[in-house]
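K.L.:
need a structure here:
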Amino acid sequence: LVSWIMVLSHYQVLGVHPSADVNEIRQRYQTLSLQLHPDKYSGPAPEQAREEFVRVCQAWAVLRDPALRQKHDAELTGSELAQEFPVDAEVDLDDMEHVEDESLFCWACRCGGEFVVSEADLEAGVSIVPCSTCTLSIRVKYTEAVAD
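P.N.:
The predicted structure is shown next:
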């Protein structure tokens with residue numbers, strides 16, 4: 001059995017947009033902390049409410065401090081950029097259409113769009129190519145030529 005744990009950003013914990021100003025974030029923090037504070041909470045699952053209260057306090061501690069917030073934003077951006085695209089198929093470079101005058105390789109997508117990669121991209125190590133129209137992407141399989 002595999003268990004997936006979703007890690008929430010501090011913005012998600014407080015339910016605010018990343019562009020929210022500190023006053024909006026403070027207001028949301030105050031609302032949630034009043035609802036979840038262990039001395040005030042009387043609903044079901046008090047232990048879960050206490051854990052959520054701790055997360056709300058941690059989120060507020062980071063987002064109210066401009067330097068910590070900037071660091072958090074940079075970490076979020078880094079983690080988003082590090083995510084791999086879901087790959088729909090693997091396509092051998094030899095099976096792709098080669099447009100020599102433009103130094104491009106093309107492959108038709110089932111949506112009607114195209115997967116297009118340049119020779120320069122391939123030389124730079126790009127192997128995952130998104131469709132020009134939809135959200136699908138392919139992994140281009142090829143072997144780099146070794147110069148003698």
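K.L.:
what are the phi and psi values for the closest residue in space to Asp94 that isn't next to it in sequence?
P.N.:
Once flanking residues are discounted, Asp94 sits nearest to Tyr142: 7.9 Å by Cβ to Cβ, 6 or more residues apart in numbering. C-betas here are computed from N, CA, C, even on glycine. The phi/psi pair for Tyr142 (degrees, to the nearest 10) reads phi -160, psi 160.
K.L.:
what residues does stretch 102-114 touch?
P.N.:
91, 93, 95-99, 115-120, 122, 129, 131-134, 136, 138, 140 (Cβ atoms under 8 Å, 6 or more residues apart in numbering).
K.L.:
Let's see the PyMOL selection covering just the buried ones among those residues.
P.N.:
Per 16 or more other Cβ atoms under 10 Å, the buried members of these correspond to this PyMOL selection:
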select buried, resi 91+96+115+116+117+122+129+131+136+138+140
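K.L.:
quick one: the helices in this protein?
P.N.:
Per DSSP state H, the chain carries helices over the ranges 10-14, 22-36, 46-63, 66-82, 119-123.
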